[in-house]
Each structure stands twice: as structure tokens, then as C-alpha cells.
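Trainee: pasting the sequence and the predicted model now:
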Amino acid sequence: MMTKIDPASVPQRTLYTGAKMPAIGMGTFGSDHAGAEEVANAVKGAIEVGYRSFDCAACYGNEAELGEVFADAIARGVVKREELFIASKAWNDMHGDGDILLACAKTLKDLKMDYLDIYYLHWPFPNYHAPHCDGDSRNPDSVPFSVDRFMRTWRQLERLVDMGLTRHIGMSSMTIPKLEAVLPLCRIKPAAIEMELHPCFQQPELFEYVRERGIQPVAFCPIGSPERPARDTDPEDVSDISLPEMKAIAAAHGVHPAIICLKWAVQRGQSPIPFATIPEFYISNLQSACEDPLTDEEMEIIKGLDRNNRLIKGQVFLWPGAKDWHDLWDEDGTITK
Ligand SMILES: NC(=O)c1ccc[n+]([C@@H]2O[C@H](COP(=O)([O-])OP(=O)(O)OC[C@H]3O[C@@H](n4cnc5c(N)ncnc54)[C@H](OP(=O)(O)O)[C@@H]3O)[C@@H](O)[C@H]2O)c1
């Protein structure tokens, strides 16, 4: 019989609105290797074992299949809609005036829902790349970040909250300089921000900056995304789950190093959204948040593993004239134009 985890035993985060979200959810980006049916099947199993939080996005190309799964689980009484925390994201080709309402409507139709729990702006600029492109592809229409363009898009997200189409709105892949520019202009502040976070990429300044402002950091690639697309793979990248320190802590707890990544994430305060299709993996991932915590000493060891190793470098979003992927991340403390 399949292990079930009582959703009430999963730690919760309280957003600034007072709403709760599970401290761990499930990612649904099948990357370039897991098709829509495979991801939908994993989500079906995940709901049954006790997951309540799912990180979806239009550009993952599987929301219609996931919608069937959510509708079926609700119809069968496995879960109630209000017990789920459903995230989706507006893709980069939907930043234009009037686009966000259409993007959200399409997602709601596909997910078979009449509201989302959070709707993110997937990237802070309208730079589009085709699905499955390679790492060298560039779009000549790409542009640098613009506060004006961003805010015109964000205003549309704010209207979705007014209309009751999403309970919260959020941002993703932001930097401190970009947040400094846009947060004072927001009528409705982001409730959560998705950012890459794993032991080898801890982003301590951004993480603290966001938390100090009452915004929940949500961690993508929490295991170091071992199956990420080739365009996001660099020979110099470090594998979190292969580090000897991670293996030693995993051995002490009798688990896979992936589980140590997730325990560290939940205990540090971010909400990881690991992707998995294998039941053994997604069950142990959810369990990781509910039992056998890391010691303070183990947390300190992992703190020392930060290598500033960004995996999702985003070079396919570069605009004509940009130097390299570092330009996307405002590393000198100013917005790169
Ligand atoms: N906002 C953004 O721009 C953004 C960017 C990237 C990702 N995301 C979100 O974040 C989610 C997670 O990121 P990710 O999928 O790139 O990376 P990840 O969660 O760090 O890694 C997923 C990989 O780890 C493997 N895995 C999962 N649990 C495991 C376990 N217990 N033991 C061993 N291996 C395990 C999975 O294997 P199997 O595939 O074999 O099950 C999968 O290939 C995505 O699905 C997506 O929802 C958001």
C-alpha cells in the first residue's frame, strides 16, 4: 500500500495576507524529458499521498492535463479545491497591454479552476524563447529590463486580485536592484517570490531581503535540478547531491542527498517545490518536511557549501548588445541595461 502523509502534518507558511501555504510543494516542469501525461500522472499520485501545493506554469505545456487530474481528484472527493494551493505563471510572451487577463484566463480554463492561489510573473521581462530551444538561441526582439514595462504588466496582475481570479500575485527570478525599483510602486505587493535556491546557490542577500519585507521565498531547483535541460547545463556546475558533505549527512539520516537538500530548505525558511515523477521520490520528498530534522550543526555545514553556482543562467533571454548571462542578474548592484 502506498505511504500517505497527513497534509495536516506538513509545515505551513503564513503569507502576509494571513493565508497559509504548505512549506513544501511539487514542481510540474517536466523539463525536456517528462511529457505532460507523465507529469499529470505524478500529480495524481502526489495528491493521493498528501501533497496540497503545486507549482504550475503555462510554459510547462501541461496545464490542460493537470487540470483533468485536479478536477478528477476534486470530483472523487480526494481533496477539496480550498485545500489546494495552486500556483501558475504568466509566460514571457504575455507581458503586453491586455495580455495578462488572457494568459490567466487560459490557465484557469486549462486547470479547470475559477481562481488560483498565486499567479506569478514568470520572468521580469518580455523576452521569449521557443520551447526546447538550445542554449545558443537568441531572440532579436529581446529587451533589457524596464521598470515602466514591468509595472504596466504588474498592474494587470494586481487587477486579477481585484477580480478574484487569483488570491495572491508573485514575481520570479528577480534581483535586489529590480525589487528596489518596483516594490515601492506596487499597489499589491508580491506574496511570494520564486528564486533558484539550493545548497550550492543560497543567494543569502536576496533571501534575507525578501523575508525582511514579509515576502515568502519559494525555492526552484531545490535539489539542484539534476535533469535540467541541456541549455541550462554548464561543465563547471557543481552537483549539490554529489558533494561529500551532503552524502555524509544523507548517510547519517539514512536518506538520499536530495532529501537533505529539502530538509535544509524547509528548515532555513524557503518553500521548496521539488519535481519528481517516481512515487518513491515524491513520497520521500514530502515526508522530508515532516520528520527527522537536521541538527543545527548539519545546517551550519550546509550553509558552508554555498558556491554561488547559479544553474538557470537564463542566457536565452539576453537582448542584442548584452554581454553574457551575468547581465541578467544585476551583479554590480545596479540594473544592467
Ligand atoms: N520560476 C521559475 O523560473 C522556475 C525555474 C525552474 C523551475 N521552476 C519550478 O521548480 C520546480 C523544481 O525545479 P526542477 O524541476 O528544475 O529541479 P529539482 O526539483 O531540483 O530537481 C528535480 C529532479 O530531481 C530528481 N529527484 C526528485 N526527488 C528526488 C529524490 N528524492 N531522490 C533523487 N532524485 C530526486 C527528479 O527525478 P525524476 O525526474 O526522475 O523524478 C528530477 O529529475 C520545477 O518543476 C518548476 O515547477 C521554476
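Mentor: Done, it's in.
Trainee: center of this structure, which residue is that?
Mentor: In the chain, the centroid-proximal residue (C-alpha atoms, centre = their mean) is Phe220; its distance is 4.1 Å.
Trainee: wait, isn't it in contact with Leu197?
Mentor: Yes: contact criterion C-beta atoms under 8 Å: Phe220 and Leu197 qualify, at 7.5 Å. For glycine as for every other residue, the C-beta is placed from the backbone atoms N, C-alpha and C.
Trainee: near the ligand, which residues of the stretch 101-250 of the chain are found?
Mentor: Counting by C-beta under 6 Å from any ligand atom, the stretch 101-250 of the chain comes close to the ligand at 122, 172-173, 194, 220-228.
Trainee: out of those residues, which sit inside helices?
Mentor: Judged by DSSP state H, helices contain none of those.
Trainee: in strands, which of the residues you listed fall?
Mentor: Using DSSP state E, the members of these that fall in strands are 172, 194, 220.
Trainee: how close does the nearest residue to the second one once chain neighbours are set aside get to Leu84?
Mentor: Counting by C-beta to C-beta, 6 or more residues apart in numbering, Glu194 lies nearest to Ser172, which is 3.9 Å off, once chain neighbours are set aside. Using C-beta to C-beta, to the nearest Å, we find Ser172 at a distance of 20 Å from Leu84.
Trainee: assign a three-state SS to Cys152, would you?
Mentor: Actually, residue 152 is Arg. It isn't Cys. Classification of Arg152 by DSSP: H, G, I helix; E, B strand; the rest coil places it in helix.
Trainee: quick check: it touching Asp97?
Mentor: Yes: shown here, Arg152 and Asp97 form a contact pair, counting by C-beta under 8 Å, at 6.5 Å.
Trainee: between the two, who's got more neighbours?
Mentor: Taking Arg152 and Asp97 together and counting by other C-beta atoms under 10 Å, Arg152 has the greater number of neighbours (14 against 10).
Trainee: what residues are up against the more buried one?
Mentor: With C-beta atoms under 8 Å, 6 or more residues apart in numbering as the criterion, the residues that contact Arg152 are Asp97.
Trainee: would you mind measuring from it to Lys313?
Mentor: In this view, Arg152 and Lys313 are 27 Å apart by C-beta to C-beta.
Trainee: cool, and His168?
Mentor: 28 Å.
Trainee: ok, these two, which is more surrounded?
Mentor: His168 (25 against 20).
Trainee: quick one: low-confidence parts of the stretch 201-337 of the chain?
Mentor: Within the stretch 201-337 of the chain, not a single segment meets pLDDT under 70.
Trainee: show me what contacts Lys89?
Mentor: Contacts for Lys89 were tallied using C-beta under 8 Å, 6+ apart; they are 56-59, 119-122, 172.
Trainee: okay, now the residue of the chain found nearest the ligand: neighbour count?
Mentor: The ligand sits closest to Gly27 of the chain, with a gap of 2.3 Å, by C-beta to the nearest ligand atom. Neighbour count of Gly27, defined by other C-beta under 10 Å: 26.
Trainee: same check on Phe281?
Mentor: Phe281: 16 neighbours (other C-beta under 10 Å).
Trainee: and it, what does it touch?
Mentor: With C-beta under 8 Å, 6+ apart, Phe281 has these contacts: Ala258.
Trainee: ok but it is inside a strand, no?
Mentor: No: counting by three-state DSSP, Phe281 is not found in a strand; it is helix.
Trainee: distance check, it against Ala192.
Mentor: Applying C-beta to C-beta, the value for Phe281 to Ala192 is 24 Å.
Trainee: same check, this time on Gly45
Mentor: Distance of Gly45 to Ala192, computed by C-beta to C-beta: 25 Å.
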